[in-house]
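Q: Using only what follows, build the 3D model:
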Amino acid sequence: MLVAAAVCPCPPLLVPDVAAGAAPELDAARAACTDALGLLAASRPDLLVVVGPAEQSGRGPHPEGTRGSFAGFGVDLAVRLGRESAADADTAAPLLPASLAVAAWLLERTGWSDAPVEGLGVGERLEAERCVRTGAGLAARAERVALLVMGDASACRTLKAPGYLDERAAGFDAEAARALGTADVDALKALDAELAQELKVAGRAPWQVLAGAAEDAGLAGALLYDEAPYGVGYIVAAWS
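A: Below is the predicted model:
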(Lines give C-alpha, C1' and ligand atoms only; values in the text may rest on other atoms or scores of the structure.)
Protein backbone atom coordinates (compact mmCIF):
# COMPACT_ATOMS: atom_id res chain seq x y z
CA MET A 1 0.00 0.00 0.00
CA LEU A 2 1.24 3.50 -0.78
CA VAL A 3 1.95 5.42 2.42
CA ALA A 4 3.87 8.44 1.08
CA ALA A 5 5.21 10.02 -2.08
CA ALA A 6 7.57 12.81 -3.06
CA VAL A 7 7.42 14.53 -6.44
CA CYS A 8 10.62 16.18 -7.65
CA PRO A 9 11.90 17.65 -10.92
CA CYS A 10 14.67 15.79 -12.71
CA PRO A 11 16.94 18.23 -14.56
CA PRO A 12 20.63 17.30 -14.23
CA LEU A 13 21.12 20.99 -13.36
CA LEU A 14 19.70 20.08 -9.95
CA VAL A 15 23.14 18.58 -9.28
CA PRO A 16 25.46 21.49 -8.39
CA ASP A 17 28.47 19.91 -10.10
CA VAL A 18 26.51 19.90 -13.35
CA ALA A 19 25.05 23.37 -12.89
CA ALA A 20 28.49 24.81 -11.97
CA GLY A 21 28.22 28.61 -11.72
CA ALA A 22 24.45 28.53 -12.10
CA ALA A 23 23.99 26.19 -9.11
CA PRO A 24 22.60 28.83 -6.69
CA GLU A 25 19.66 29.45 -9.03
CA LEU A 26 18.14 26.10 -8.01
CA ASP A 27 18.95 26.23 -4.30
CA ALA A 28 15.27 26.69 -3.41
CA ALA A 29 14.29 23.69 -5.53
CA ARG A 30 16.97 21.55 -3.88
CA ALA A 31 15.79 22.61 -0.43
CA ALA A 32 12.20 21.70 -1.32
CA CYS A 33 13.34 18.27 -2.57
CA THR A 34 15.18 17.73 0.71
CA ASP A 35 12.01 18.55 2.64
CA ALA A 36 9.97 16.15 0.48
CA LEU A 37 12.46 13.33 1.02
CA GLY A 38 12.36 13.99 4.74
CA LEU A 39 8.63 13.32 4.71
CA LEU A 40 9.27 10.08 2.81
CA ALA A 41 11.71 8.93 5.47
CA ALA A 42 9.20 9.83 8.20
CA SER A 43 6.66 7.46 6.63
CA ARG A 44 8.92 4.48 7.48
CA PRO A 45 8.34 2.57 4.22
CA ASP A 46 9.29 -1.05 3.67
CA LEU A 47 10.21 -0.22 0.07
CA LEU A 48 10.98 2.95 -1.87
CA VAL A 49 10.42 2.91 -5.63
CA VAL A 50 11.87 5.72 -7.72
CA VAL A 51 9.89 6.40 -10.92
CA GLY A 52 11.13 8.65 -13.69
CA PRO A 53 10.99 9.26 -17.44
CA ALA A 54 13.45 7.30 -19.55
CA GLU A 55 14.51 6.77 -23.12
CA GLN A 56 14.12 3.29 -24.62
CA SER A 57 17.39 1.94 -23.18
CA GLY A 58 16.53 3.05 -19.64
CA ARG A 59 12.96 1.84 -19.42
CA GLY A 60 11.92 -0.91 -17.05
CA PRO A 61 13.07 -1.90 -13.58
CA HIS A 62 16.44 -0.95 -12.09
CA PRO A 63 17.46 -2.96 -9.02
CA GLU A 64 19.00 -1.52 -5.91
CA GLY A 65 22.67 -0.75 -6.43
CA THR A 66 22.34 0.20 -10.10
CA ARG A 67 24.95 2.80 -10.98
CA GLY A 68 24.39 6.18 -12.61
CA SER A 69 26.75 8.76 -14.07
CA PHE A 70 26.76 12.41 -15.07
CA ALA A 71 29.69 11.96 -17.43
CA GLY A 72 27.35 12.66 -20.34
CA PHE A 73 26.88 16.15 -18.91
CA GLY A 74 30.61 16.79 -18.68
CA VAL A 75 30.98 15.93 -15.00
CA ASP A 76 32.95 13.06 -13.52
CA LEU A 77 30.35 12.16 -10.92
CA ALA A 78 28.95 8.70 -10.24
CA VAL A 79 25.93 7.75 -8.13
CA ARG A 80 24.29 4.54 -7.01
CA LEU A 81 20.63 3.75 -6.41
CA GLY A 82 20.35 2.88 -2.74
CA ARG A 83 22.69 0.43 -1.10
CA GLU A 84 25.46 -1.51 -2.75
CA SER A 85 24.32 -4.78 -4.29
CA ALA A 86 25.15 -7.28 -7.02
CA ALA A 87 23.90 -4.75 -9.55
CA ASP A 88 26.53 -2.29 -8.36
CA ALA A 89 29.28 -4.86 -8.85
CA ASP A 90 28.19 -5.59 -12.42
CA THR A 91 30.14 -3.02 -14.42
CA ALA A 92 28.46 -4.21 -17.61
CA ALA A 93 24.96 -3.47 -16.32
CA PRO A 94 23.11 -0.56 -17.96
CA LEU A 95 23.42 2.78 -16.20
CA LEU A 96 20.46 4.58 -14.67
CA PRO A 97 18.55 6.92 -16.98
CA ALA A 98 19.20 10.59 -16.22
CA SER A 99 16.01 11.10 -14.19
CA LEU A 100 16.85 8.21 -11.86
CA ALA A 101 20.49 9.32 -11.61
CA VAL A 102 19.23 12.69 -10.33
CA ALA A 103 17.01 10.81 -7.87
CA ALA A 104 19.97 8.71 -6.73
CA TRP A 105 21.95 11.91 -6.15
CA LEU A 106 19.09 13.37 -4.08
CA LEU A 107 18.89 10.20 -1.98
CA GLU A 108 22.65 10.13 -1.40
CA ARG A 109 22.61 13.85 -0.54
CA THR A 110 19.97 13.31 2.12
CA GLY A 111 21.59 10.15 3.45
CA TRP A 112 18.70 7.83 2.63
CA SER A 113 19.05 4.53 4.47
CA ASP A 114 15.50 3.91 5.63
CA ALA A 115 14.40 1.18 3.22
CA PRO A 116 15.47 -0.74 0.11
CA VAL A 117 15.32 1.33 -3.08
CA GLU A 118 14.36 0.23 -6.58
CA GLY A 119 13.97 2.22 -9.78
CA LEU A 120 11.53 2.19 -12.67
CA GLY A 121 12.06 4.05 -15.94
CA VAL A 122 8.89 4.78 -17.91
CA GLY A 123 8.44 6.06 -21.43
CA GLU A 124 7.12 9.60 -21.76
CA ARG A 125 4.48 8.36 -24.23
CA LEU A 126 3.18 5.54 -22.01
CA GLU A 127 -0.62 5.52 -22.13
CA ALA A 128 -2.45 6.77 -19.06
CA GLU A 129 -4.21 3.45 -18.44
CA ARG A 130 -0.90 1.57 -18.43
CA CYS A 131 0.62 4.17 -16.12
CA VAL A 132 -2.24 3.72 -13.68
CA ARG A 133 -1.97 -0.08 -13.79
CA THR A 134 1.77 0.15 -13.26
CA GLY A 135 1.25 2.35 -10.23
CA ALA A 136 -1.31 -0.02 -8.73
CA GLY A 137 1.20 -2.84 -9.11
CA LEU A 138 3.91 -0.86 -7.36
CA ALA A 139 1.62 -0.06 -4.42
CA ALA A 140 1.01 -3.78 -3.94
CA ARG A 141 4.71 -4.61 -3.72
CA ALA A 142 4.93 -4.27 0.06
CA GLU A 143 2.85 -3.43 3.09
CA ARG A 144 4.29 0.11 3.22
CA VAL A 145 5.45 1.51 -0.13
CA ALA A 146 6.79 5.00 -0.80
CA LEU A 147 7.36 6.56 -4.21
CA LEU A 148 9.90 9.15 -5.32
CA VAL A 149 8.41 10.46 -8.56
CA MET A 150 10.75 12.36 -10.86
CA GLY A 151 9.61 14.54 -13.75
CA ASP A 152 9.49 18.08 -15.09
CA ALA A 153 6.45 20.04 -16.18
CA SER A 154 6.39 21.84 -19.55
CA ALA A 155 9.53 23.10 -21.28
CA CYS A 156 7.65 25.87 -23.09
CA ARG A 157 7.12 28.61 -20.54
CA THR A 158 9.30 31.36 -22.09
CA LEU A 159 10.82 32.39 -25.40
CA LYS A 160 14.18 31.01 -24.27
CA ALA A 161 12.75 27.71 -23.01
CA PRO A 162 13.96 24.49 -24.67
CA GLY A 163 10.58 24.17 -26.42
CA TYR A 164 10.13 27.91 -27.06
CA LEU A 165 7.04 29.73 -25.76
CA ASP A 166 3.68 27.98 -25.93
CA GLU A 167 0.75 29.89 -24.45
CA ARG A 168 -0.84 26.63 -23.29
CA ALA A 169 2.10 25.70 -21.08
CA ALA A 170 1.33 27.93 -18.09
CA GLY A 171 -2.22 26.58 -17.81
CA PHE A 172 -1.10 22.96 -18.08
CA ASP A 173 1.57 23.46 -15.44
CA ALA A 174 -0.83 25.26 -13.11
CA GLU A 175 -3.28 22.37 -13.22
CA ALA A 176 -0.49 19.83 -12.73
CA ALA A 177 0.84 21.77 -9.74
CA ARG A 178 -2.64 22.02 -8.26
CA ALA A 179 -3.25 18.29 -8.69
CA LEU A 180 0.15 17.33 -7.28
CA GLY A 181 -0.20 19.78 -4.40
CA THR A 182 -3.61 18.48 -3.39
CA ALA A 183 -3.08 14.76 -4.15
CA ASP A 184 -5.90 14.94 -6.70
CA VAL A 185 -5.64 11.47 -8.20
CA ASP A 186 -8.49 11.91 -10.68
CA ALA A 187 -7.02 15.15 -12.04
CA LEU A 188 -3.65 13.49 -12.57
CA LYS A 189 -5.28 10.62 -14.43
CA ALA A 190 -7.04 13.13 -16.65
CA LEU A 191 -3.89 14.96 -17.78
CA ASP A 192 -3.85 15.18 -21.57
CA ALA A 193 -1.02 12.94 -22.78
CA GLU A 194 -0.99 14.41 -26.29
CA LEU A 195 -0.83 17.98 -25.03
CA ALA A 196 1.84 16.99 -22.55
CA GLN A 197 3.93 15.62 -25.40
CA GLU A 198 3.52 18.82 -27.39
CA LEU A 199 4.58 20.87 -24.36
CA LYS A 200 7.57 18.59 -23.68
CA VAL A 201 6.29 17.56 -20.24
CA ALA A 202 8.62 14.85 -18.97
CA GLY A 203 6.62 14.18 -15.80
CA ARG A 204 3.19 13.28 -17.16
CA ALA A 205 3.68 9.49 -17.24
CA PRO A 206 5.43 9.26 -13.83
CA TRP A 207 2.72 11.45 -12.30
CA GLN A 208 0.05 9.11 -13.64
CA VAL A 209 1.95 6.14 -12.22
CA LEU A 210 1.69 7.94 -8.89
CA ALA A 211 -2.05 8.39 -9.43
CA GLY A 212 -2.45 4.65 -9.95
CA ALA A 213 -0.44 3.86 -6.83
CA ALA A 214 -2.40 6.34 -4.71
CA GLU A 215 -5.86 5.07 -5.61
CA ASP A 216 -7.81 4.65 -2.36
CA ALA A 217 -4.69 5.45 -0.29
CA GLY A 218 -6.33 8.57 1.16
CA LEU A 219 -3.14 10.65 1.11
CA ALA A 220 -3.02 14.43 1.48
CA GLY A 221 -0.71 16.59 -0.59
CA ALA A 222 1.41 19.69 -0.05
CA LEU A 223 2.96 21.84 -2.78
CA LEU A 224 6.52 22.75 -1.76
CA TYR A 225 7.87 24.43 -4.93
CA ASP A 226 6.40 25.61 -8.23
CA GLU A 227 8.63 27.74 -10.43
CA ALA A 228 9.85 27.81 -14.03
CA PRO A 229 13.54 28.70 -14.12
CA TYR A 230 14.98 28.47 -17.62
CA GLY A 231 11.40 28.33 -18.94
CA VAL A 232 10.85 24.78 -17.62
CA GLY A 233 8.24 24.01 -14.96
CA TYR A 234 9.71 22.43 -11.84
CA ILE A 235 7.27 21.13 -9.22
CA VAL A 236 8.02 19.66 -5.79
CA ALA A 237 5.22 18.11 -3.76
CA ALA A 238 4.85 15.70 -0.86
CA TRP A 239 2.02 13.25 -0.18
CA SER A 240 1.46 11.58 3.15
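Q: where does the nearest residue to A217 once chain neighbours are set aside fall, phi/psi-wise?
A: Leaving out its chain neighbours, the residue that sits closest to A217 by CB to CB, 6 or more residues apart in numbering is L2, at 4.5 Å. Every C-beta, even on glycine, is put in place using the N, C-alpha and C of the backbone. Reported as degrees, to the nearest 10, the phi and psi values for L2 are phi -80, psi 130.
Q: Next: V49.
A: When read as degrees, to the nearest 10, the backbone of V49 gives phi -110, psi 130.
Q: mean confidence for stretch 183-197?
A: Stretch 183-197 carries an average pLDDT of 98.
Q: how about low-confidence regions in the chain?
A: Applying pLDDT under 70 to the chain picks out residues 86-92.
Q: okay, which residue is most central for it?
A: Central residue of the chain (CA atoms, centre = their mean): M150, 0.6 Å from the mean position.
Q: Distance of that residue relative to A101?
A: Shown here: M150 relative to A101, a distance of 10 Å by CB to CB, to the nearest Å.
Q: how close does G163 get to A153?
A: Distance check for G163 against A153: by CB to CB, it reads 11 Å.
Q: helices or strands next to the helix or strand hosting C33 in the packing?
A: Using DSSP states H and E, C33 sits in helix 27-42. Counting contacts by 3 or more CB pairs under 8 Å, 6 or more residues apart in numbering; DSSP states H and E, helix 27-42 packs against strand 2-8, helix 98-109, strand 145-150, strand 221-227, strand 234-239.
Q: Helices along this structure, start to end?
A: Under the criterion DSSP state H, the chain contains helices at 16-19, 27-42, 86-89, 98-109, 128-139, 169-182, 185-189, 193-198, 204-214.
Q: Same list (those helices) but as JSON lines, adding mean neighbour count and distance to G121.
A: Converted to JSON lines, those look like this (neighbours: other CB atoms under 10 Å; distance: least, CB to CB, whole Å):
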{"stretch": "helix 16-19", "mean neighbour count": "17", "distance to G121": "19"}
{"stretch": "helix 27-42", "mean neighbour count": "19", "distance to G121": "19"}
{"stretch": "helix 86-89", "mean neighbour count": "14", "distance to G121": "14"}
{"stretch": "helix 98-109", "mean neighbour count": "24", "distance to G121": "6"}
{"stretch": "helix 128-139", "mean neighbour count": "19", "distance to G121": "11"}
{"stretch": "helix 169-182", "mean neighbour count": "20", "distance to G121": "20"}
{"stretch": "helix 185-189", "mean neighbour count": "18", "distance to G121": "19"}
{"stretch": "helix 193-198", "mean neighbour count": "15", "distance to G121": "17"}
{"stretch": "helix 204-214", "mean neighbour count": "28", "distance to G121": "9"}
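Q: mind checking how far V75 is from D17?
A: Separation of V75 from D17 (CB to CB) stands at 5 Å.
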